[in-house]
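Visitor: Sharing a model that was predicted from the sequence below.
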Amino acid sequence: MNNHNGWTTRRTVRGLVVSVAVVLGSGLAFAQSAIEAITGSIQGGSEVLRIDLSQPLNAAPTGFSIQSPARIALDFPGVANGLGRSVTDINQGNLKSVNVVQAGDRTRVVLNLKQSAGYRTQVQGKTLLVLLDPSVATVSAAAQPAFAESRNRDVSPLKDLDFRRGTEGSGRVVVSLPNNQVGVDIRQQGQTLVVEFLKSTLPEGLRRKLDVSDFGTPVQAVTTFQVGDRVRMVIQILPISTSLHPTR
C-alpha cells in the first residue's frame, strides 16, 4: 500500500515524535467537509482505521503521537465533526477507541491505543486510512479524551530534542518529555507546523534553531523557544511545489 503523505512514529521511551511527510498538506480539506463515519478493521493482518468524509481530502492531515499514554492524533483543518458524538468505541486489536473533538474550524481525531505503535496514512478520495504498525511497548495508563490538556501541576523542563531523517525522505522531530502529564498542541500555519508544550520550560542548551536543510527532507529548520509557561516549536517546511518526492 503506497503512502505518499503518511507519518511513521516509533519510539520506545516516553516522548513525542512529530513526523513531517514528504509532501505536507496545505488546505487539507475543503471548508465545508465533515467526518461522517469511523470504522476499524483487520486487512492483511494489519489494523486499519477508516475515516470517511463528506468531501475528498487534498492530502493526509498533520499528526503526532505520544508514547505514554499511547495516543495518535490527527488534525483536520476545515473539517467538522459530523458523527453526532465525540467517542467511537473500536475495541479491536490495539485500538480501544477514537475521540473526535471539533474546536473552531478544525477537528482533532485521537486514537486511544493499548500500546504505543507507529502508523501510516493513505488518502483514498473521501476516505483516510490509518494503518497501525505492530505495537512496540506496553502502556498501562488510561487514555483521556482531552488530548492536549496539561495535567502538570508544576512547570517541568523538556529533556531533549533531535531531528532525524525518516523513511522515504520524511523528517522526524523527536522530543523527550519529562513525564506523561505534559499537554501538547499542534497546528499548521501556512508552511510551518507549530507545536506547543504546555506548562513546560526549555533549558538554555535546547534554545536554538536547527538548520536541517542538508538532510534532504521537506523540513528546513526547527526553532524552539520559551513563551510564558509553555515551550513553542516552529517547524519550517518547503513549499508544496518544491517538496521532495521519494524514488520508487
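Guide: Thanks, I have the structure now.
Visitor: Give me the number of neighbouring residues for Gly63.
Guide: 23 (other CB atoms under 10 Å). Glycine gets a C-beta too; all of them are placed from N, C-alpha and C.
Visitor: That one: which element?
Guide: Assigned by DSSP states H and E, Gly63 falls within strand 62-66.
Visitor: Centre of the chain to that strand, how far?
Guide: 2 Å (CA atoms, centre = their mean, to the nearest Å).
Visitor: what's downstream of the element among helices and strands of the chain having the smallest mean pLDDT, the next helix or strand?
Guide: When the helices and strands of the chain are compared on mean pLDDT, DSSP states H and E, strand 137-138 comes out lowest with a mean of 36. Later in the chain than strand 137-138, the nearest helix or strand by DSSP H and E is strand 156-157.
Visitor: packing partners for that next one?
Guide: Secondary-structure packing of strand 156-157 (3 or more CB pairs under 8 Å, 6 or more residues apart in numbering; DSSP states H and E): strand 200-201.
Visitor: The strand it packs on pairs with which strands, and in what direction?
Guide: Looking at strand 200-201 with DSSP bridges, its partner strands are strand 156-157 (parallel).
Visitor: Run through who's touching the strand it pairs with.
Guide: Pro178, Asn179, Gln181, Val182, Lys199, Ser200, Thr201, Leu202, Pro203 (CB atoms under 8 Å, 6 or more residues apart in numbering).
Visitor: from what I can see the fourth one touches Val195, true?
Guide: Looking back up the chat, that one is Val182. No: Val182 lies out of contact with Val195 (CB atoms under 8 Å); the separation is 11.4 Å.
Visitor: who's more crowded, the two?
Guide: More crowded of Val182 and Val195, by other CB under 10 Å: Val182, with 24 against 21.
Visitor: can you tell me the helix or strand for that one?
Guide: Here Val182 is assigned to no helix or strand, by DSSP H and E.
Visitor: Equivalent analysis for Leu129, please.
Guide: strand 127-132.
Visitor: average pLDDT across that strand?
Guide: For strand 127-132, the mean per-residue pLDDT is 93.
Visitor: and the angle for that strand with strand 62-66?
Guide: 30 degrees (axes from the mean of the first three to the mean of the last three CA atoms, to 10 degrees).
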